[in-house]
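Enquirer: Mind folding the following:
(2 chains)
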Amino acid sequence: MALALANTPLRVVLLESGGMTFDAKTQALYAGAEVGAPYLPLDTTRMRYLGGSTNHWGGWCRPMDDIDFEERTWMPYSGWPFGRKALEPYYARAQALCEAGPFIYDKAFKWSSDQGPTIALGDGGVITRWFQFSKMRGSVLPTHFGDRYAEDLRRVPRLSTYLHANVTRLGLDGGGAKINQLDVQTLNGKRFTLKPKYTVLAMGAVEIARLMLASNDVNPAGVGNENDLVGRFFADHPIPRDTATLVLFDGKLAPFYQNNQIIHGAIMRAGLFPSEDFRRKNAVMDSSTTIENKTELDDLGKAAVAAAAAALGVDASNATAYSLGCGMEITPDPNRRFTLDTGRDALGLPRLKLHMRLADTDFARFRQTLKELGRQLLEARTGMLRLNLKTRGQWLDGLDWGNHHMGTTRMHVDPRKGVVDANLQVHGISNLFVAGSAVYPTYSAANPTVNLLALALRLVDHLKGLPR
Amino acid sequence: MKEMFTRRRIMFGAGGAVLLAGGAYEGRRLLRKRYAPSPYDDLLAQLDDRDADAQIGEAVLADIDDFDAKTVSESVRARLAHQSLAQAAVADATEDRLLEANGWVIPETLGLLCALAAKAE
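Expert: Got it, this is the predicted structure:
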C-alpha cells in the first residue's frame, strides 16, 4: 500500500514492529493463550518483521470466485458488500506484486496437455482448477515482500519507514469518532506519538483485533467495538492430512497434479475443486484438494480396487493410489473469537486469548465434496476414492492450518454486523481503515495473499480520493 | 516301422497331455472353495473373488442397520436382469447411488453384491 501511494501527494509513515529479519523478542510479542479446539501457537502462526507473514508463506495464489462474495442462505453471515467485479481491476497488480507470472489460472488447460491429460471425471461437482505460485528464488523462497520491496520503499520520497516501531494505542478523540494519535513504542523503551490524518491497520487479523480491543481508554469496549464484533469470526483454513485416497486404475497421473510445473511461463499446480454450481446446489463450502504422495493399499483397499475395476469392466493391473491433501473453508462463527487475556507482553499490551471452535458440519460438507469426486471417478471408470476421515477425532488428528488469519474485523454495510464498511473504514471512525484478510466476511478456500492485496489496492484508490 | 513308432509316441504323448489337462481341470474344480448354497448364488456368480468381496461386504454392512438379504437380492436381481454389472455400476455412479465400505466409495449394486457375499458366508 505504501508503494501504491508513492506517486501521490500523500505523506506516508509506515510503522513496522519488527526489523528486516526475524527477532525472537519481537516475535514473542505475538504469544497468547488458547482454549477450545486445537490450533497453532499464536507466536508461530505468523511472522513479525518487514514483510510480515510473507516471510513464511508458500507462494500459493488463487483468486476467489463469484460465489465467495455472495450471500448464501445456507451459510450464516455470508455476503460481501460487493461482488468479485469490484476486485477484478486490482488482481493483475496484486498478481504482479506476488511475482506470480502471467494471470492464467484456469486457462492453464490450454497449454497443460503437453504434460499430460487432466484426470477424466464424470460430469459433476468437482473439476480440475489451477493454483499459481509466487516466483521462486533458486530452489527456496517465494516472494518475501520485506526483502523484495525494501529498496523500493527507500526510494519513495514522501514515505518514512520506521522499523521496531510498535503501535501500542489507537488514540480516539474525545468523541470517539476519530483517531487523533498513535502511541508508538520500541522494545528498548523509546516512545513517540503520531497524529495521522488517516490510519490503516495492516497487521494481520490477530494483531489488528488486539490493538483495537486494547485501545480502550476512551471506549471501554475498544476502538470500533460498539457492537462487540472486534475479534469475533476469526477463521483460518484447516488442512486435514490424508483426507482421502485416490486410486487411478491406469496409474497415469500428469505431473502438474503432484508438483509445480512451468506452464505458459507461470509456475502452476492443478487441484480438484468443487464447482460454483455444486457449491450452490449442495450447500457445501469451498475447498481445494491436492494430490500428494503415492501410497500403499491395505488388503481391503486392494480388494475394493479389484472389485470395483472388475465391476466396471476396466483393467486395474497398473492401479496406483495417492493420498489427498486439502484446504477447507469454514463457516463464519461469532464465537470463534479473540478476547483480551490477563497477561501482558513486553510492551505492556494485554495478550490475547483465542476461543477456537470447529464445526463438525464443515468437515461433513467437505466430505460430501470428496464423495462427489469419488462418484465422478467411478462414472468415468477412471478410478475410485476412499474417504479416510469420518469421526471428529479423525479429522482433528494431525490437523494442520493454512496460517491464513481472517475475519476479526469483518466487513458489512451494517455496523451491527460488521466492523468495517465496504470501503474498509471502521464504522463510526472516519479516519481509521483496515487492510488485509481481517475484513473477510467469508473466507473461500483460496489462499488469501493475492486476494487481500487486491483489496488493499482497492483501498489505496479510496484513500487517494479522501480529503487531505 | 520307424514312422509308426513315432506316430504311436505322438498319440501316446497327446493322450497323456489330454489326461494331464483333464486332471488339472478336475484338480482346480476340486480345490476351488465350495460355498454353502444360498438363495442368491446366481447373483454371487457375478463376483470375481468372492472371499475378498465378502470382506468388502462386511465393511458395507457395518454402515447398514436394516439389511434384509431377501429384499436386497430381489432388488439387485431386478437391476441386473437387463443390464450387465458394468452398466449397472456406471449407472449407479451417474445417479449417485453409492455405498461406502470402510470409506471406499463404491457403486451401490457392487456394494450390495458384496454384502450378499458376506451374508452368504
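Enquirer: May I see the buried residues of the helix ranked longest in chain A?
Expert: Among the elements of chain A assigned as helix by DSSP state H, the one spanning the most residues is helix A:360-379. Buried residues in helix A:360-379, counting neighbours by 16 or more other C-beta atoms under 10 Å in any protein chain shown, are found at A:362-363, A:365-379. Using the backbone N, CA and C atoms, a C-beta is placed for each residue, glycine as well.
Enquirer: so which of those also contact chain B?
Expert: The overlap between the buried residues of helix A:360-379 and the neighbours of chain B (C-beta under 8 Å from any C-beta of the partner chain) comes to A:371, A:374-376, A:378-379.
Enquirer: so can I have a markdown table of those residues showing pLDDT?
Expert: Listed next are these as a markdown table, based on pLDDT from 0 to 100:
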| residue | pLDDT |
| --- | --- |
| A:K371 | 98 |
| A:G374 | 98 |
| A:R375 | 98 |
| A:Q376 | 98 |
| A:L378 | 98 |
| A:E379 | 98 |
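Enquirer: Low-confidence regions, chain B specifically.
Expert: Counting by pLDDT under 70, chain B shows low-confidence ranges at B:1-32.
Enquirer: For it, which residues are neighbours of chain A?
Expert: Among all residues of chain B, those adjacent to chain A (criterion: C-beta under 8 Å from any C-beta) are B:47-49, B:52-53, B:55-56, B:59, B:84-86, B:89-90, B:92-94, B:96, B:98, B:100-107, B:109-110, B:114.
Enquirer: And the strands in chain B?
Expert: Taking DSSP state E to define them, one finds strands in chain B at B:98-101, B:104-107.
Enquirer: for the last one, packing partners?
Expert: When contacts are defined as 3 or more C-beta pairs under 8 Å, 6 or more residues apart in numbering or on different chains; DSSP states H and E, strand B:104-107 sits against helix A:299-312, helix A:360-379, strand A:383-387, helix B:50-61, helix B:85-94, strand B:98-101.
Enquirer: So what touches the last one?
Expert: What that stands for is strand B:98-101. The set of residues that contact strand B:98-101 without belonging to it, under C-beta atoms under 8 Å, 6 or more residues apart in numbering or on different chains, is A:300, A:304, A:371, A:374-375, A:378, A:387, B:56-57, B:59-60, B:63-64, B:92, B:105-108, B:111-112, B:114.
Enquirer: Kindly recompute the last result at 7 Å.
Expert: A:304, A:375, A:387, B:56, B:59-60, B:63, B:92, B:105-108, B:111, B:114 (C-beta atoms under 7 Å, 6 or more residues apart in numbering or on different chains).
Enquirer: can you tell me which of those residues lies nearest to A:N318?
Expert: Looking at those and their distance to A:N318, the nearest is A:A304, at 16.4 Å (C-beta to C-beta).
Enquirer: confidence score at the closest one?
Expert: The predicted local confidence for A:A304 comes out at a pLDDT of 98.
Enquirer: How much space separates the closest residue to it other than its chain neighbours from B:C114?
Expert: If the residues on either side of it in the chain are set aside, A:A304 comes closest to B:W104, at 4.1 Å by C-beta to C-beta, 6 or more residues apart in numbering or on different chains. As judged by C-beta to C-beta, to the nearest Å, B:W104 and B:C114 stand 10 Å apart.
Enquirer: More neighbours: the two, which one.
Expert: Neighbours around B:W104 and B:C114, counted as other C-beta atoms under 10 Å in any protein chain shown, are more numerous at B:C114. The numbers are 30 against 26.
Enquirer: Low-confidence regions, chain A specifically.
Expert: Checking chain A against pLDDT under 70 turns up A:137-141.
Enquirer: Just the closest residue of it to chain B, please.
Expert: A:G374 (3.3 Å; C-beta to the nearest C-beta).
Enquirer: What distance do you get for that residue to A:T245?
Expert: When C-beta to C-beta is the yardstick, A:G374 and A:T245 sit 10 Å from each other.
Enquirer: what touches both of the two?
Expert: Counting by C-beta under 7 Å, 6+ apart, the common neighbours of A:G374 and A:T245 are A:L385.
Enquirer: contacting residues for the nearest residue in space to A:W130 that is not next to it in sequence?
Expert: Excluding its sequence neighbours, the residue lying closest to A:W130 (C-beta to C-beta, 6+ apart) is A:A108, at 4.5 Å. Listed by C-beta under 7 Å, 6+ apart, the contact set of A:A108 reads A:130, A:263-264, A:268.
Enquirer: Surely A:A108 forms part of a helix?
Expert: Yes - read with DSSP: H, G, I helix; E, B strand; the rest coil, A:A108 is one of the residues of a helix.
Enquirer: hang on, A:A205 packs against A:R410?
Expert: No - with contact defined as C-beta atoms under 7 Å, A:A205 does not count as touching A:R410 (9.7 Å).
Enquirer: how close does the closest residue to chain A within chain B sit to A:R367?
Expert: Distances between chain B and chain A by C-beta to the nearest C-beta are smallest at B:V105, namely 3.3 Å. As judged by C-beta to C-beta, B:V105 and A:R367 stand 11 Å apart.
Enquirer: so what sits against both of the two?
Expert: With contacts defined as C-beta under 7 Å, 6+ apart, the residues adjacent to both B:V105 and A:R367 are A:L387.
Enquirer: how about the host helix or strand of A:R280, does it get close to chain B?
Expert: Using DSSP states H and E, A:R280 maps to helix A:276-282. No - remark: helix A:276-282 sits outside contact range of chain B, by C-beta under 7 Å from any C-beta of the partner chain, the gap being at least 10.7 Å.
Enquirer: helix or strand right after that helix?
Expert: Remark: after helix A:276-282, the chain's next helix or strand is strand A:287-295, criterion DSSP H and E.
Enquirer: What is that next one packed up against?
Expert: Strand A:287-295 makes packing contacts with strand A:266-274, strand A:320-328 when contacts are defined by 3 or more C-beta pairs under 7 Å, 6 or more residues apart in numbering or on different chains; DSSP states H and E.
Enquirer: For that strand, C-alpha coordinates in PDB please.
Expert: The C-alpha coordinates for strand A:287-295 follow below in PDB (Å, rounded to 0.1, in the frame of the first residue of the first chain):
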ATOM      1  CA  SER A 287     -12.200 -26.400  -0.700                       C
ATOM      2  CA  SER A 288      -9.100 -27.200  -2.600                       C
ATOM      3  CA  THR A 289      -7.900 -30.800  -2.900                       C
ATOM      4  CA  THR A 290      -4.400 -31.600  -3.900                       C
ATOM      5  CA  ILE A 291      -2.900 -34.900  -4.900                       C
ATOM      6  CA  GLU A 292       0.100 -35.600  -2.700                       C
ATOM      7  CA  ASN A 293       2.200 -38.800  -2.400                       C
ATOM      8  CA  LYS A 294       1.800 -42.400  -3.700                       C
ATOM      9  CA  THR A 295       0.500 -44.600  -1.000                       C
END
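Enquirer: Which positions within it qualify as buried?
Expert: Neighbour-count burial for strand A:287-295 flags A:287-292, A:295 (criterion: 16+ other C-beta under 10 Å).
Enquirer: can you check stretch B:33-47 too?
Expert: For stretch B:33-47, the buried set under the neighbour-count rule, 16+ other C-beta under 10 Å, comprises B:38, B:40, B:43-44, B:46-47.
Enquirer: What are the contacting residues of it?
Expert: By C-beta under 7 Å, 6+ apart, the residues outside stretch B:33-47 that reach it are B:50, B:53, B:73, B:76-77, B:85, B:113, B:116-117, B:120.
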